[in-house]
Every structure is written in structure tokens, then in C-alpha cells.
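**Student:** I need the structure of the sequence given here:
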Amino acid sequence: MLEQVAATISRYDMLTQGARVGDRVIVAVSGGPDSVCLLHVLRELGIRVTGVAHVNHKLRGEASEEDQRFVASMARETGLEFHSSVAICSGGNLEQTARRARREFFHDLIRRGRADRIALGHTRDDQAETVLFRMLRGSGLAGLAGILPVTAEGLMRPLLDVTREEVETFLRERGIAWREDASNRNPRFARNRIRHDLLPRLKRDWNPRMVENLAHLADLAYEEERWWVEEVHRLAQQTLLVSPGAVEVPAGDLARFPRAVARRLVRHAIRRAKGNLHGIQFAHIENILELPKAGGRTELPGIHVIRSFGWIRLEVPGGPLPAGSSVGVPGRCPAPDGNSMICLDVISRAQGVDACATLKSDLYFRKIPEKLVLRGWRPGDRYCPVGHANDWKLKELFQRQRIPSWRRPFWPILCLGDKILWTRDFGPAAAYADQRARFRLRIREIPAKDESFGVFSTS
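**Tutor:** Sure thing, here's the model as predicted:
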């Protein structure tokens, strides 16, 4: 038992280097055999256990109170600090609600600096039950990874390679008492039906090593997902355009990628746009990938999807519109879409003239203004770009350039008062292209600093 748990902690880097004198670990103890075993195993391994955490859901009357007293007594006997919380759950999915309440309590302990890690007592049997449950619910590969060994938020599960039978053997050999939760046999809960009915029948009628095989499936899926997270992150940086409340994906790239890559990139884009994948199903992803080339739209839970001019946009309804920003000269300011930085540099005559850059990005003034305004497009905007004799409506220029309609409100436009001086791609205004003017202002657009993308779900 001790060697197996130590190996699991090491394999998944659950603790940092020098863990025995470094990371402070609080063990979540319900009073049941798994969590009680975990507490004693970590202490025997010399891990720096500093406290015990217990959540009382008050679902079983006096039995719940006895559980709390039992765990509090165990904390006193071992000289550990006792952290308790009451989280009353009612209505809806009690299991899910209680799980969320416990997780929030544990994360709060870490946020408040009471611990670096919270250790949970999930075993290989719990892993097998979770994988089987998710298979029955139609989960994808990420869901089949089951219970994660360690999460970015600081939860760790050192018993994932230990069976429930091994846990009870460990406790009996040492004469350690634990509490039994009668609700763990209530068939009202889906997990109990899997634990006490479905899984035993599968072991008896199909494969006696079902628990082990399901746990191996979880491990395979977990390692696959770890690799995919890095790969999709790399592809997302190369292909996705992120703006406030929305993400754009090149339709050509999705068509070029293998289907497995395209599906994951779309899921990543959805998570990036709305913050989660709640309500998103397999059919939703397929609908996005099958949007017609001529343009189309589809509605997903909490997100709109539109295809136009070779791009697919995933946007949260009611997203923000850009406001104008004052920018000093010289100076810099984020573009309205947030994907680039607009830089204004005063160029001296001694620096010479780059004819190509002049045509695309230089403005000329008799006197350099102290401030300009950078904003997005507004209906009715018009100006005369350099090289043209008459004003053009920006809407017409957008159409000629096949600029999707959703990008237009975020299109960078530099103004002096109500005069448009410059726009992305269409260049300076002809009225400010006279190279005989004394001062020259160069406009550069550079990529904004990289932003982090979504990570593997920490369920």
C-alpha cells in the first residue's frame, strides 16, 4: 500500500520537490474507509499533513453529526488542525450539488493559504465506476479520463491505484476504525446502482478484471488528453482569432485538418469564447463542421455560430462593442479587437523615407497632434484612402476585401476629431499623405502578447 501510493504521488508529480518539508497537505476526510486510510497512509509516508477537512451535508440526521464528531476526534488524536464546513444540499442532483460544495470548500482552503494541496480519497474502484458511468452517458475521450490524479487547482488523489479491498485490509491490519455511510447503498443514486448492481454483474458475466480494465482505460485517456491539450494549444495560437466575447476559426483550416483535430479545435474555441463546454454535445460540434461554404449559422447552448467569407465565428450573445480609446503621440493602444497593438511613432527626417512603408502607414502633419482616437467602425464611416480621388464608404471597402460583417465593429480606425486618418489594410487618408509636411507619423500594428488558452478539464 505505502509503496503504491508513494509511486502514484511521484508519477503524477502531486507534490513539489522536497515535499516532506514543502507542500502543506490537508486531507479531506468524510469518516469512510477510503479517506481515513488516506490520512494514515500519508502520515506514514512522512508527507507534511497539516490538517483534516470535513464537510457536513446534514443529509442523514444524527448520523451526519456523528461522522463530524468522529473526524474531529481523529484530527485531535493526530494533532492536526480540523477544518469543517456545513453545506446543506436539497433538490436537484444531490450528488452533484454536494460535490460542488465540497470542491468549493477545498479550493477556498487553498485560496486562503491554509494548504498547498488537498488530498482526496478516491480509489481505483471509484475510477472504474466513474468511467463506466460516463461511458453510459456518452462521454468523449476527455470524460473517459475519469477522475484526474491531480488538478491545476491543487487537488490530489494518491489512492487512485489502490482498490477499495486493499484499503479495508490496510485499516483492519492496523486496527483503525472508520464510519459506514448507509446512503452509499441507496439505489436512488446512479453511482450506487453502478457500484452494487451493474459493475458486479459485468465482473461476473463478462470480465472479472473489469475494474482494472476500466482504470487502465482512464489512464490511457488521461495521457492522451495531456498530449492533446498541448497540441491544441499550439494550433489555437496559430489559427484562432480572439476578440471580446468571441473566437474566429478559419474554415479552410478546419477542412484541412483531420477530423479528430478539427473537433478538438472547435471545442477549444467554444471554451475560449464562453468559458466552458456546458451543454455542448457531439452533434453540436458536427453541425459546426458541416456549416455550408456559402455561409450559415447554428445555435449552441450559450453561443452563436456564424460562417462567412471563409471564417467561422463563435460568439457569446450580447457581447461588448468597442469604445474609442485616446492614444498619445507618440504612443500605443490596443486595437478594438484586442488581437494587436497600434503603435504611433514620430519619424524624423534623418531616418529617411521607406516608400513602401510611407504608402501603407505614414501620416504627415504640419503639427503633430498631442492625442488621437482609436476606435472601431461605425455605420456611415467614409474617407478617401491614399491613391483614390474620392471618398469611399468603409462598408464598400469591407465588401471588396471580403471582411466578415462581425469584424467590422472591431476594425481599427484612427481619427482626429471626426476625421478618419487611417484604417487597417486601407491605409492613410489622402489628405494626410503630403510628404512635404514637416512631421511624419508612422503607424505600426504588432501582435498583442500571447494569452493563455483553456486547459484540460479539472473534474
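**Student:** look at the residue nearest to Asp161 when sequence neighbours are not counted and say how many residues are nearby.
**Tutor:** Of all residues not flanking Asp161 in the chain, Thr8 sits nearest, at 4.9 Å (CB to CB, 6 or more residues apart in numbering). Every C-beta, even on glycine, is put in place using the N, C-alpha and C of the backbone. Residues lying near Thr8 (other CB atoms under 10 Å) number 19.
**Student:** wait, Thr8 sits on Leu160?
**Tutor:** Yes. If you go by CB atoms under 8 Å, Thr8 and Leu160 touch, sitting 6.2 Å apart.
**Student:** and for the two, which residues touch both?
**Tutor:** Common neighbours of Thr8 and Leu160, counting by CB atoms under 8 Å, 6 or more residues apart in numbering, are Pro149.
**Student:** next secondary structure after whatever helix or strand His284 lives in?
**Tutor:** Per DSSP states H and E, His284 falls inside helix 282-289. Next along the chain after helix 282-289, taking DSSP H and E as the criterion, comes strand 296-300.
**Student:** for that following strand, buried residues please.
**Tutor:** Leu300 (16 or more other CB atoms under 10 Å).
**Student:** return the residues in contact with the residue nearest to Arg193 when sequence neighbours are not counted.
**Tutor:** Of all residues not flanking Arg193 in the chain, Pro187 sits nearest, at 5.4 Å (CB to CB, 6+ apart). Residues near Pro187 by CB under 8 Å, 6+ apart: Arg193, His196, Asp197.
**Student:** so what's Cys37 up against?
**Tutor:** Going by CB under 8 Å, 6+ apart, the list of residues near Cys37 reads Gly121, Leu159, Val167, Phe170, Leu171, Ile176, Trp178.
**Student:** sort out for me which of the residues you listed are in helices.
**Tutor:** Val167, Phe170, Leu171 (DSSP state H).
**Student:** and of those, the nearest to Gln238?
**Tutor:** Val167 (46.5 Å; CB to CB).
**Student:** show me where pLDDT drops low in the stretch 1-150 of the chain?
**Tutor:** When residues are selected by pLDDT under 70, those of the stretch 1-150 of the chain lie in 17-22, 89-92.
**Student:** may I see the buried residues of the longest helix along the chain?
**Tutor:** Counting residues, the longest helix found in the chain (DSSP H) is helix 210-239. Across helix 210-239, burial judged by 16+ other CB under 10 Å covers 210-211, 214-215, 217-219, 221-222, 225, 228-229, 232, 235-236, 239.
**Student:** swap in stretch 286-297?
**Tutor:** So, applying 16+ other CB under 10 Å, buried residues of stretch 286-297: Ile288, Leu289, Leu291.
**Student:** ends of it, what's the gap?
**Tutor:** 13 Å (CA to CA, to the nearest Å).
**Student:** need the residues that contact whichever strand or helix holds Asp67.
**Tutor:** Per DSSP H and E, Asp67 falls inside helix 62-77. Residues outside helix 62-77 that contact it (CB under 8 Å, 6+ apart): 29-31, 36, 39, 51-52, 54, 56-58, 60, 81-82, 84, 179, 181-182.
**Student:** next helix or strand past it?
**Tutor:** strand 81-86.
**Student:** would you mind writing the CA trace of that following strand as CSV?
**Tutor:** Only the C-alpha atoms of strand 81-86 are listed here, as CSV (Å, rounded to 0.1, in the frame of the first residue of the first chain):
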residue,chain,number,x,y,z
GLU,A,81,-6.0,21.2,12.7
PHE,A,82,-9.7,20.5,12.0
HIS,A,83,-11.4,22.4,9.2
SER,A,84,-15.2,21.9,8.9
SER,A,85,-18.0,23.3,6.8
VAL,A,86,-21.7,22.8,6.7
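**Student:** packing partners of it?
**Tutor:** Under the contact criterion of 3 or more CB pairs under 8 Å, 6 or more residues apart in numbering; DSSP states H and E, strand 81-86 touches strand 49-56, helix 62-77, helix 94-111.
**Student:** tell me what angle that strand forms with helix 62-77.
**Tutor:** If you take axes from the mean of the first three to the mean of the last three CA atoms, to 10 degrees, strand 81-86 sits at 160 degrees to helix 62-77.
**Student:** show me what contacts His107?
**Tutor:** For His107, the contacting residues are Ile118, Glu153, Gly154, by CB under 8 Å, 6+ apart.
**Student:** which one is the first one nearest to, not counting chain neighbours?
**Tutor:** So that's Ile118. Phe106 is the one closest to Ile118 (CB to CB, 6+ apart), at 4.3 Å.
**Student:** what's near enough to touch the one you found?
**Tutor:** Ile26, Ala28, Ala53, Ile118, Leu120, Leu155.
**Student:** out of the residues you listed, who's nearest Gly324?
**Tutor:** Leu155 (44.4 Å).
**Student:** what count of nearby residues applies to the closest one?
**Tutor:** If we define neighbours as other CB under 10 Å, then Leu155 has 22 of them.
**Student:** thinking again about what came up before, what's the helix holding His284 packed up against?
**Tutor:** Against helix 282-289 (3+ CB pairs under 8 Å, 6+ apart) you get helix 259-274, strand 296-300.
**Student:** give me the distance between it and the centre of its chain.
**Tutor:** Centre-to-centre, helix 282-289 and its host chain are 20 Å apart (CA atoms, centre = their mean, to the nearest Å).
**Student:** what about the contacts of Phe106, which are in strands?
**Tutor:** Using DSSP state E, the members of the contacts of Phe106 that fall in strands are Ile26, Ala28, Ala53, Ile118, Leu155.
**Student:** now Leu344, what's its secondary structure?
**Tutor:** strand (DSSP: H, G, I helix; E, B strand; the rest coil).
**Student:** repeat that for Ile446.
**Tutor:** Once three-state DSSP is applied, Ile446 turns out strand.
**Student:** filter the contacts of Cys37 down to the buried ones.
**Tutor:** Gly121, Leu159, Val167, Phe170, Leu171, Trp178.
**Student:** nearest to Tyr12, of those?
**Tutor:** Out of those, the member with the shortest distance to Tyr12 (by CB to CB) is Leu159, at 12.1 Å.
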